[in-house]
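**Q** Show me how the following folds:
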Amino acid sequence: MKTRRTICRSFTLSLLCSCICFGAAGSSQDEAVGMVLEILRGGDQEMQAVAIAMAKEMPGVEVTKALAKELPNLSAAGQVQLLSALGDRGDAVALPAVVTAVQSAAPSVRTAALKALGQLGDASSVKLLAEAAAGSSGEEQKAARASLYRLRGPQVDQVIVAGIPEAQAKTKVELIGSVGERNIRAGVSALLKTASDADRTVRTESLRTLKIVAGPEDLPSLVQLLLSAESSSDRNEAQKTVAAVTHKIEDKNRQADAVLAVLPSVKEVQDRCSLLAVLGKIGANAALPALTAALKDKNAEVQTAAIRALAEWPSGEPVAELLNVAERSDNNVHRILALRGFVRLLGLSNERPADETVAMYKKAMSLAPDVGEKKRVLSGLANTKSLAALQMAAAYLEDETLCEEAGFAAVRIAGAIRADFPDQAGTVLNKIVQTAKGDSLREQAREVIDGVGQGGSGEEENR
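**A** As a prediction, the model looks like this:
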């Protein structure tokens, strides 16, 4: 419980501050500020909370000056509280004191000062915050970054961009990151240069930030940046950046234009592979002819890149091309990559008749070279909701090497079609309960039988 003395002091302080807020004389102001500072110097936490609340509300620049002047004389705990109050007051006259507090020996004070800079700082605070973020970790780094991102003022963005070229690598990374967080479009030119920086971390951060701030008009430069990448990690990041920016083009049929425009003139195998990989990430159907043509390229690496691009397509259009490779290629790696892509794409189309889809899964099973690939096919089959799919999965329940994967597929399919085919689903599920070796599979089958798993029965769903 609060002591009578604490209540009395709290009331007196509140009364004084109220007088100040409603225009009482300067002597009352001085007295209230003095009382706030006296309390902050002490150890009464309840009164300190009251004093800080009052410090935030007392009007006037002179009050801010008096509070800021006393800041270095307080304990670390008192400084943390006062810094919060100074930040909330929003008077720039406190900025020098806050900047000084950033150099405090106490981590809690540094963190509080960095937070206050986000409220009081301006363009002059950019370098300090970026360097603080670069040279710290944990809460301190988090506070520095947050303040850098929230700084306000007409010159802040300009100073951030201007500071990038000459900054040390770690500070450069922080400035580049702030370009993305603040969505500074004017920073694109600088980032196109730092994307080729000698420091790998700077290059990576530049490419990641370009995903955010670059626009379709920057795609030619981004494509050239991709072609000039020297390491595989840079190429992979650049591919993601190019693809992300192409997706900002509203007309999906035009998203691959910048890459397709360059592809015919590129002869270096590594560069051609990079462009084909990007086309796969873009996923625009306008790129399919170029990828299909690349399947017949004389270079095996180019063929591989084309197969991978088609295998990750966002829709089922390339399924026939991948099946053709899986059936006819004399390259074992190509056959497996194409088969995996083929199985993946089968699960993407909802328009194909279910029986046709099952027939294609059977074709994939016949092409699968080993148990691992056959399991992959059964895993894909589990997403097909038809009686034919259930029957296909059930056909492998007797195969010791595939029975578990077939069982999980069958349970999932049965749960989806049980309302329409209760007898057939029940027969398969009961067989799994009786023969399954794993407890998990048996339990899932029982749940579907009881109508509580894998979609349940139609009766359960209608309750």
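**Q** ok, and for stretch 192-207, which residues are buried?
**A** 192, 194-195, 197, 202-207 (16 or more other C-beta atoms under 10 Å). C-beta coordinates here come from the backbone N, C-alpha and C atoms, glycine included.
**Q** Ok, stretch 345-353 next?
**A** Buried residues in stretch 345-353, counted by 16+ other C-beta under 10 Å: 345-347.
**Q** just curious, which of these is nearest to Val433?
**A** Nearest to Val433, judged by C-beta to C-beta, of the buried residues of stretch 345-353 is Gly347 at 26.9 Å.
**Q** who's in contact with that closest one?
**A** By C-beta atoms under 8 Å, 6 or more residues apart in numbering, the contact set of Gly347 is 380, 383-384.
**Q** With Asp297 instead?
**A** 303, 306.
**Q** Any figure for the gap between Lys65 and Ser233?
**A** Per C-beta to C-beta, to the nearest Å, Lys65 is found 52 Å from Ser233.
**Q** One more: Asp439?
**A** For Asp439, the distance to Ser233 equals 43 Å [C-beta to C-beta].
**Q** Tell me which of the two has more neighbours.
**A** Using other C-beta atoms under 10 Å, the more surrounded residue of Asp439 and Ser233 is Ser233, with 13 against 8.
**Q** so how far is Lys172 from the more buried one?
**A** 18 Å.
**Q** Give me the neighbour count for Tyr396.
**A** Around Tyr396 there are 22 other residues, counting by other C-beta under 10 Å.
**Q** Could you tell me the per-residue confidence at it?
**A** Note on Tyr396: pLDDT of 97.
**Q** For it, list the residues it contacts.
**A** Counting by C-beta under 8 Å, 6+ apart, the residues that Tyr396 touches are 378, 402-403, 405-406.
**Q** just those residues now: which is nearest Gln45?
**A** Glu405 (62.1 Å).
**Q** Need the phi and psi values for that closest one.
**A** With angles defined as degrees, to the nearest 10, Glu405 sits at phi -60, psi -40.
**Q** Surely it is in contact with Gly380?
**A** No: counting by C-beta atoms under 8 Å, Glu405 does not reach Gly380; the two are 10.7 Å apart.
**Q** my guess is Ser315 contacts Leu348, does it?
**A** Yes: in this structure, Ser315 is within contact of Leu348 by C-beta under 8 Å, at 5.9 Å.
**Q** Quick check: closest non-adjacent residue to Trp403.
**A** I think there's a mix-up here, since residue 403 is Cys and not Trp. Counting by C-beta to C-beta, 6 or more residues apart in numbering, Cys403 lies nearest to Leu397, which is 5.3 Å off, once chain neighbours are set aside.
**Q** that older thread, among the buried residues of stretch 192-207, which ones are in helices?
**A** Counting by DSSP state H, the part of those found in helices is 192, 194, 202-207.
**Q** Next, give me the two most distant ones among the residues you listed.
**A** Leu192 and Thr204 (14.4 Å).
**Q** Quick one: neighbours of Lys170, just the number.
**A** With neighbours defined by other C-beta under 10 Å, the count for Lys170 comes to 15.
**Q** What distance do you get for it to Glu131?
**A** Computed as C-beta to C-beta, the Lys170 to Glu131 distance reads 9 Å.
**Q** can you check Met54 too?
**A** Here the criterion is C-beta to C-beta. By it, Met54 lies 35 Å from Glu131.
**Q** So which of the two has more stuff around it?
**A** Taking neighbours as other C-beta under 10 Å, Met54 and Glu131 compare with Met54 leading, 23 against 19.
**Q** host element of that one?
**A** Element membership for Met54 (DSSP states H and E) is helix 45-57.
**Q** do the same with Leu210
**A** helix 200-213.
**Q** Can you list the helices and strands that the helix or strand just after that helix packs against?
**A** Sequence-wise, the next helix or strand downstream of helix 200-213 (DSSP H and E) is helix 219-228. Applying 3 or more C-beta pairs under 8 Å, 6 or more residues apart in numbering; DSSP states H and E, one finds that helix 219-228 contacts helix 188-194, helix 232-246, helix 257-262, helix 269-282.
**Q** Would you mind finding the most buried of those helices?
**A** The highest average neighbour count among those, using mean count of other C-beta atoms under 10 Å, belongs to helix 269-282 at a mean of 22.
**Q** Does anything pack onto that helix? Which helices or strands?
**A** helix 219-228, helix 232-246, helix 257-262, helix 288-294, helix 300-311.
**Q** Output the fourth one as CSV, nothing but the C-alphas.
**A** Meaning helix 288-294. What follows is helix 288-294, C-alpha atoms only, in CSV (Å, rounded to 0.1, in the frame of the first residue of the first chain):
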residue,chain,number,x,y,z
LEU,A,288,7.3,-21.3,-72.0
PRO,A,289,8.4,-21.4,-75.6
ALA,A,290,11.9,-20.2,-74.6
LEU,A,291,12.1,-22.9,-71.9
THR,A,292,10.8,-25.6,-74.2
ALA,A,293,13.4,-24.7,-76.8
ALA,A,294,16.1,-24.8,-74.1
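**Q** Not counting it itself, show me its contacts.
**A** Contact with helix 288-294 is made by 260, 263, 272, 276, 279-280, 302-303, 305-306, 309-310, 317-318, 321, as judged by C-beta under 8 Å, 6+ apart.
**Q** chain center to that helix, what's the gap?
**A** Helix 288-294 sits 31 Å away from the centroid of its parent chain (C-alpha atoms, centre = their mean, to the nearest Å).
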